[in-house]
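Engineer: based on what follows, work out the 3D shape:
(2 chains)
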Amino acid sequence: MGKQAKKRSRKIKVGFTQQQWVLLDRLKAEKRWGGTREEIVHNVFRDYVKQMLGE
Amino acid sequence: MAKYGKQRLDIVFQPVEGKALPMKAGEVLRIIQVGNGQCVDFNCFNLHDYKEQLSVGFTRMHSFRPRKGDFLWSNPPRNNPMMAIIEMPETCLTDTLHARCNAFLFEDYYGFDLHTNCQDTFAAAIAEFRLTPDDVHDAFNLWMDTGWDDQGITSIRRNSGRKGDHVDMLALMDVLAVPIVCGSGDVQPTAAFFPKPIRVQVFEASKDTSRMRAELTGRLKLRNHRTVKEFPVKEILATRELKAVPGFTPRFVNYPLQFSAVEVELSEKEYEQLRRLRFADYQDDDEILREAVMRWVFRNRTRRGKLKESAAAK
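Structural biologist: Take a look at the predicted model:
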């Protein structure tokens, strides 16, 4: 039996303006989006996918 | 319904008259249809600083068709609510698209040497206060039913106003209110091809209207209502010709924009979803990710702030 192929992840470096960070950093106070900027960007992306693609 | 103060003015404007009416904060302007369906154009200035005036463009950001419960806003960066629409019948449709008719249009459309028009009526009315034809601004139009099609072509439908209809607007600051009878009515559906008079009344402030004014203006205050004190240039230019200031350096807001990046690790499935989201064919992965995140913010965390509150007050 062959070894199962490892799922490949991708690292994406993404920039935001200081004004965009003002809006994103506010989400820290809501707790559910994470405590770091990386977590917030990732979780917001996931929620957008859920809203738009229903997945 | 709020009780108004004593009626202090009652005038009938014949086609195509108008008048600039100084009004104190808390007073109410009533505009009445004398016949069935006459478009009324409206200009408005801060009585103590004419450079602050009704911005149809900013008002339009709230609604293409301001109606009862909406506000007439002044020009950015002032952004003050100048008047509140406190009574308006369903038969009064309003327009923020058509600016104001003018002599040029009627020459262009019909070959008139000179046809009655709102630009010239406004100019004639505000001259009483030494304002020039250049000071006439785009009009907020009452009883004017406009629209546009998918190609962006605008149209005017037949006036739906009825005899006896009235609109009441509460002054939220001291204003120069300028209602006029639209000059296009005999050749356009704005007055169903027959211009009619309108009646204009002003009611003094009462306890009710003063309270309403205080409540509304208090609720609509934000940090970014700029005053002349905050302007980089405070004096009004007194010459017609424009000349650059030698060595001038503009001061832009939050300039230059600062960018900082984070690295996000997407699973294979998430990466496949990211690619499916691609909003334009030229986008790299980071551009898709940024746009998705900011679209989420736009969709889920835009307050529309005070404008939304205003709408909620209907």
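Engineer: quick check, central residue of chain B?
Structural biologist: Nearest residue to the geometric centre of chain B (Cα atoms, centre = their mean): B:V56, 2.4 Å.
Engineer: how close does that one get to chain A?
Structural biologist: 28 Å (Cβ to the nearest Cβ, to the nearest Å). For glycine as for every other residue, the C-beta is placed from the backbone atoms N, C-alpha and C.
Engineer: ramachandran coordinates for that residue?
Structural biologist: The phi and psi values for B:V56, taken as degrees, to the nearest 10, are phi -70, psi -30.
Engineer: who's in contact with it?
Structural biologist: B:T96, B:A99, B:H137, B:D138, B:A139, B:F140 (Cβ atoms under 8 Å, 6 or more residues apart in numbering or on different chains).
Engineer: helix or strand: which one has the residue lying closest to the third one once chain neighbours are set aside?
Structural biologist: Nearest residue to B:H137 in three dimensions, chain neighbours excluded: B:Q53, at 5.2 Å (Cβ to Cβ, 6 or more residues apart in numbering or on different chains). Of the helices and strands defined by DSSP states H and E, B:Q53 is found in strand B:49-53.
Engineer: what pairs with that strand, parallel or antiparallel?
Structural biologist: Strand B:49-53 sits in its sheet next to strand B:40-46 (antiparallel), going by DSSP bridges.
Engineer: name the residues that touch the strand it pairs with?
Structural biologist: Taking Cβ under 8 Å, 6+ apart as the rule, strand B:40-46 contacts B:18, B:31, B:52-54, B:72, B:74, B:78, B:80, B:82-83, B:100, B:118, B:121-122, B:126, B:131, B:135-137, B:139-143, B:173-182, B:198.
Engineer: so which of the residues you listed are in strands?
Structural biologist: B:31, B:52-53, B:72, B:82-83, B:140-142, B:175-181, B:198 (DSSP state E).
Engineer: now list the buried members of these.
Structural biologist: B:31, B:52-53, B:72, B:82-83, B:140-142, B:175-181, B:198 (16 or more other Cβ atoms under 10 Å in any protein chain shown).
Engineer: show the contacting residues for B:S155.
Structural biologist: Here B:S155 is in contact with B:T146, B:G147, B:W148, B:D149 (Cβ under 8 Å, 6+ apart).
Engineer: and of these, the nearest to B:D186?
Structural biologist: When the contacts of B:S155 are ranked by distance to B:D186 (Cβ to Cβ), B:T146 comes first, at 18.2 Å.
Engineer: tell me, how many residues neighbour the closest one?
Structural biologist: B:T146 sits with 19 neighbouring residues when counted by other Cβ atoms under 10 Å in any protein chain shown.
Engineer: quick check, it in contact with B:R157.
Structural biologist: Yes: applying Cβ atoms under 8 Å, one finds B:T146 in contact with B:R157, separated by 7.3 Å.
Engineer: B:E128 touches B:L21, doesn't it?
Structural biologist: No: B:E128 sits out of contact with B:L21 when judged by Cβ under 8 Å, with a separation of 10.1 Å.
Engineer: who's more crowded, those two?
Structural biologist: Using other Cβ under 10 Å as the criterion, B:E128 and B:L21 rank with B:L21 on top: 19 against 11.
Engineer: got the contact list for the nearest residue to that one once chain neighbours are set aside?
Structural biologist: In space, and not counting its chain neighbours, B:L21 is closest to B:A177: 4.9 Å by Cβ to Cβ, 6+ apart. By Cβ under 8 Å, 6+ apart, the residues touching B:A177 are B:A20, B:L21, B:P22, B:M23, B:L29, B:F42, B:N43, B:C44, B:M83, B:M169, B:A171.
Engineer: could you check how far B:A177 is from B:S210?
Structural biologist: Distance, B:A177 to B:S210, using Cβ to Cβ, to the nearest Å: 18 Å.
Engineer: swap in B:L289?
Structural biologist: 53 Å.
Engineer: so how many other residues sit close to the nearest residue to B:K24 once chain neighbours are set aside?
Structural biologist: Nearest residue to B:K24 in three dimensions, chain neighbours excluded: B:D174, at 5.5 Å (Cβ to Cβ, 6+ apart). Around B:D174 there are 17 other residues, counting by other Cβ under 10 Å.
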